[in-house]
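Peer 1: dropping a prediction and its sequence here:
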Amino acid sequence: MTVVKTSLRNFYAHKGRMILSGTAVLLSVAFVCGTLVFTATMQTTFDKLFAETASDVIIAPEDTEGGSFDSASMTGRPATLPASVVDEVRQVDGVEEATGVAMSESVVVVDSDNESIGPTTGAPTIALNWTDIELRSMELTEGSLPDGPGEVLLDSQSADNADLSVGDELRLISVTGDHPATISGIVEFQITNPGATLVYFDTPTAQEVLLGDTDAFTEVYVDGTGAVSEEQLKERITALLGEDTFFIRTSEEYVADNQDALGEVFSIIQYVLLGFAGIALLVGIFLIVNTFTMLVAQRTREIGLMRAIGASRKQINRSVLVEALLLGVVGSLLGFAVGLGIAVGLMTLMSALGMNLSTDDLTIGWSVPVIGIILGVTVTLIAAYIPARRAGRITPMAALRDAGTPGDAKAGRTRSLVGALLTVAGLATLAGTAGVDEAATGSLLLAVGIPLSLIGMVLVGPALVGWVVSALSAVLLRGFGSVGRLAERNALRNPRRTGATASALMIGLALVSGLSVVGSSMVASASKQIDESIGADYVIQTSNWMPILPAATEAIRSADNLRHVTEYRGMDSELTAPNGETFSRNLGAVNPTYTEDVASTVEEGDLEQALAPGGLALDAGTVETYGLSVGDELAVDLDGEANPVLELRAVLSLADSMDGDAALMGMATLEEHVSAEAMPLPLVLFVMAEEGQQDAARASLEEALAGHPQMEVRDQADYKEMVENEVGVMLNMVYGLLALAIIVAILGVVNTLALSVIERTREIGLMRAIGLSRRQLRRMIRLESVVIALFGALLGIALGLAWGAAAQQILALEGFRVLEIPWATIVTVFIGAALVGLLAALIPAFRAGRMNILKAIATE
């Protein structure tokens, strides 16, 4: 009990000094708890949506993989089943009602200003028929239900976003053509809006517009009378329709399939967010270590007196650990509460993006606070263990010394040696990525090299303080005279403390620098590839990467000043080599003019012959893996539509490609073996303008596509800009998530300076007494902070460049072969570190300047 009382007294006596360390625990635990609550709430929301909308039994085409929203077919036509199934199923004993659903995601909805009203967040536009099934999740709030081919319902969220109302005109573009319609009514979600745009037709119109067949549905929803269970009802329907004829599920199976599909997405989101929370926790460890190290140093005399009156080493050790336990518990509890706020904030953000998540569905499992508290307490105890051991080694003679005696002037030789060895080993492992032939091997080396080099740099950091800080001071601080020299000596007086403070900042900046190298290299590689491979004047795709609808293709072909248009269509295929081995490829079908639009390096054979009827081209890697050679014949299963035997006539090099593999055949081959209904839509169109008519051709293309806002016409410069923007968005998201770690690192610098000021109270008073002004004192602390921050920045940038260069070597195996160092970003990071140092020093410098000189000198 004495130990606990002493710990409680010390904790409350120094609670001000614990605030920043507690904040680090709070933020990290909050991010973890917020992530767990947010992803659980998303899962709960969609589970409720699926459960409410599901019928007892759902019947779908045999090749449907399950899920509520099927991916858009490459043909633009969803898989269907005969409409007669509805009447057949209604005759089954135990069936109350069977409802046919006609639904498609291969649609574009355009308003009267030729603007797409679909989501911009990646969610689909879904068109379907209005049935009683929809009343389970939707309510008609304005107007009337659609009646005939000229009327549609629109969801309220999309209507509000596009400023549409009842009576406004729309156009719906599908695989069957361009269909004008008037909004007859507005419907509103009663459960949640998954972020999609929903357009409803009456049933005959939906079948005609979406499927091109009034005698087909995409699904049949079956509701039972309740006389038999769902399983029994499924068995009866299966017995009627046949075992392997359709994909038949109970509502439980339907919900489970959708849960699994969405669960994978939510798991990825959760793991990514938790990964960044882990980085913040790692940074927070340095802050906590520094806090307890400095508190132990400041209480040297107090601990020595306790030892002198009989306290054992174990008691002193436990006393410090109990303080850490209190810090961890308080920080974790507050972190859990703040985490709930973060979860609600993320839900609000998702609502702003179009996915409405209600706080009524806020899901807080019992494991969330338990995980948060265990995590926060464990990390805090681990961080405080070394300072606690040092406290236990303080002897009674320490009571005769001043409190706040500086720590070791030099880092331990053993620690420095181990750190140097680990750093060298880590960097050597990273360098090994340059000699690997497989991405998996390179990724393994990267996964080993990054932690080795990081741990090594953390350990060797204090030994580098003298050299690096002295060099930085010679460049930056000499101009500030005696104040600059005092700042330098303060940074050098305790290398271990300076190293730990800088290491916290080093981790975040290393990740920022490394990712910037990866991003710049990807952009530079893509730009080089575009320059070298694309010969077409324009590349045309949809803005959401969906297949190009026939109406848009016809509009493009109708444009003036075009020499030719090359289509690229893709089809999932399974190829069988002469030795019997099979492998899957997305087989690209292209026109003969493809060779003019895209430069391909042919290692063997002739690409023009490969694109002729009956021919095939494969990449060199595939050819080597399966022991193929030019002239071999391969059986090709074209997604179950046909099984032609094609001759390998060209081997393509991937030395200048960013594709993992390549497989091409001629459009004539595809048309020969696949029916028009099963023909995949183009993914990309390459356009070559007539000589000297590029500008006129573009103007004509844009005019022809005015009614198709989903289409993007890009030349090489536009394509490069698109790649750069996409990589930039990805990096900005990562930088935003890394901001938490940077914030914790800044708190570490603030904490170190604040405790350092308290530790040096008497020294500061003496300097003020002999003439140091408040302004000079504040400047000294600011300069000390800046030099520590820049020391961390140099270490972080050095590590980040090594990590980024190694990652690029792995990307080179996937086609990203250009290493680009973003010097502008690196300089910005370095300058930003200096600003961080200035920001972190504001409060400690202000407090130091306000010290009473006499009280400071009298401080023990």
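Peer 2: Done, it's in.

Peer 1: where exactly do the helices run in the stretch 401-550 of the chain?
Peer 2: With DSSP state H, counting those that start in this stretch as the criterion, the stretch 401-550 of the chain has helices at 413-431, 439-476, 481-492, 495-533, 550-557.

Peer 1: looking at the ones you listed, which is closest to Ser21?
Peer 2: Proximity to Ser21, assessed across the helices of the stretch 401-550 of the chain by Cβ to Cβ, is greatest for helix 495-533 (11.7 Å). The way it works is simple: take the backbone N, C-alpha and C, and place the C-beta from them, glycine included.

Peer 1: chain center to that closest one, what's the gap?
Peer 2: Averaged C-alpha coordinates place helix 495-533 at 16 Å from its chain's average position (Cα atoms, centre = their mean, to the nearest Å).

Peer 1: packing partners for that helix?
Peer 2: Applying 3 or more Cβ pairs under 8 Å, 6 or more residues apart in numbering; DSSP states H and E, we find helix 495-533 packed against helix 251-298, helix 439-476, helix 716-759, helix 774-812, helix 823-849.

Peer 1: buried deepest among those, which one?
Peer 2: With neighbours defined as mean count of other Cβ atoms under 10 Å, those peak in mean count at helix 774-812, which reaches a mean of 23.

Peer 1: hmm, who's touching stretch 423-433?
Peer 2: Contact partners of stretch 423-433, identified using Cβ atoms under 8 Å, 6 or more residues apart in numbering, comprise 442, 445-446, 448-457, 460, 802-803, 805-807, 809-810.

Peer 1: so where's this protein uncertain?
Peer 2: Filtered on pLDDT under 70, the chain yields the residue ranges 1-4, 6-7, 10-17, 63-73, 298, 353-354, 397-412, 654-661, 856, 859-860.

Peer 1: now the nearest residue to His673 once chain neighbours are set aside: how far from Gly666?
Peer 2: Excluding the flanking residues, the one nearest His673 by Cβ to Cβ, 6 or more residues apart in numbering is Ala642, at 3.8 Å. Ala642 sits 14 Å away from Gly666, taking Cβ to Cβ, to the nearest Å as the criterion.

Peer 1: neighbour-wise, which of these two wins?
Peer 2: Using other Cβ atoms under 10 Å, the more surrounded residue of Ala642 and Gly666 is Gly666, with 24 against 17.

Peer 1: check contacts around the residue nearest the centre of the chain.
Peer 2: What sits nearest the mean C-alpha location of the chain, by Cα atoms, centre = their mean, is Val272, with 6.2 Å. Going by Cβ under 8 Å, 6+ apart, Val272 touches Leu737.

Peer 1: can you tell me how far it is from Val166?
Peer 2: Per Cβ to Cβ, Val272 is found 42 Å from Val166.

Peer 1: could you do Met711 as well?
Peer 2: Applying Cβ to Cβ to Met711 and Val166 gives a distance of 29 Å.

Peer 1: with neighbour numbers in mind, choose between those two.
Peer 2: With neighbours defined as other Cβ under 10 Å, Met711 and Val166 compare such that Met711 has more, 24 against 15.

Peer 1: okay, the more buried one and Val684: tell me how far apart.
Peer 2: The gap separating Met711 from Val684 is 11 Å, by Cβ to Cβ.

Peer 1: could you tell me which residues touch both of these two?
Peer 2: 540-541, 548.

Peer 1: got JSON lines for the residues you listed, with neighbour count and distance to Glu763 too?
Peer 2: As requested, the shared contacts of Met711 and Val684 are exported to JSON lines (neighbours: other Cβ atoms under 10 Å; distance: Cβ to Cβ, whole Å):
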{"residue": "Ile540", "neighbour count": "21", "distance to Glu763": "71"}
{"residue": "Gln541", "neighbour count": "21", "distance to Glu763": "67"}
{"residue": "Ile548", "neighbour count": "23", "distance to Glu763": "73"}
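
Peer 1: what is the nearest of these to Thr45?
Peer 2: Gln541 (32.6 Å).

Peer 1: surely the closest one and Val713 touch.
Peer 2: No. Taking contacts as Cβ atoms under 8 Å, Gln541 lies outside contact range of Val713: 9.1 Å.

Peer 1: for the helix or strand hosting Leu854, name the packing helices and strands.
Peer 2: Element membership of Leu854 [criterion: DSSP states H and E] is helix 853-858. Contacts defined by 3+ Cβ pairs under 8 Å, 6+ apart place helix 853-858 against helix 761-769.

Peer 1: relative to helix 251-298, how tilted is the helix it packs on?
Peer 2: Relative orientation of helix 761-769 versus helix 251-298 (axes from the mean of the first three to the mean of the last three Cα atoms, to 10 degrees): 60 degrees.

Peer 1: going forward can the numbers begin at 714, since that is how I track them
Peer 2: Sure, I'll start counting at 714 from here, so that last one is helix 1474-1482.

Peer 1: which parts of helix 1474-1482 are buried?
Peer 2: Of the residues in helix 1474-1482, 1474-1475, 1477-1478, 1480-1481 count as buried by neighbour count, 16 or more other Cβ atoms under 10 Å.

Peer 1: what's the distance between the residue nearest to the centre of the chain and Gln1429?
Peer 2: With the distance defined as Cβ to Cβ, Val985 ends up 33 Å from Gln1429.

Peer 1: in contact with Gly890, which residues?
Peer 2: Residues in contact with Gly890 (Cβ under 8 Å, 6+ apart) are 1263-1264.

Peer 1: name whatever forms a beta bridge with it.
Peer 2: Residues in a beta bridge with Gly890, per DSSP bridges, are Ser887.

Peer 1: contacts only, for Glu765.
Peer 2: Per Cβ under 8 Å, 6+ apart, neighbours of Glu765: 849-850, 904.

Peer 1: ok, the residues you listed vs Gly1248, which is closest?
Peer 2: The nearest member of those to Gly1248, counting by Cβ to Cβ, is Ser850 at 49.8 Å.

Peer 1: burial count for that closest one?
Peer 2: The tally of other residues near Ser850 (other Cβ under 10 Å) stands at 20.

Peer 1: pretty sure it sits against Ala767.
Peer 2: No. With contacts counted by Cβ under 8 Å, Ser850 stays clear of Ala767, the gap being 10.5 Å.

Peer 1: relative to helix 1263-1270, how tilted is the lengthiest strand in the chain?
Peer 2: If you go by DSSP state E, the chain has its longest strand at strand 1275-1289. In terms of direction (the same axes, to 10 degrees), strand 1275-1289 departs from helix 1263-1270 by 140 degrees.

Peer 1: tell me which other helices or strands strand 1275-1289 touches.
Peer 2: Packing partners of strand 1275-1289 (3+ Cβ pairs under 8 Å, 6+ apart): helix 1263-1270, strand 1295-1303, helix 1307-1310, strand 1346-1351, helix 1380-1386, strand 1395-1402, helix 1407-1417.

Peer 1: export those to a markdown table and tack on distance to Met1060 and mean neighbour count?
Peer 2: Formatted as a markdown table, the helices and strands packed on strand 1275-1289 follow (distance: least, Cβ to Cβ, whole Å; neighbours: other Cβ atoms under 10 Å):
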| stretch | distance to Met1060 | mean neighbour count |
| --- | --- | --- |
| helix 1263-1270 | 37 | 18 |
| strand 1295-1303 | 37 | 19 |
| helix 1307-1310 | 46 | 20 |
| strand 1346-1351 | 45 | 18 |
| helix 1380-1386 | 46 | 18 |
| strand 1395-1402 | 35 | 22 |
| helix 1407-1417 | 40 | 17 |
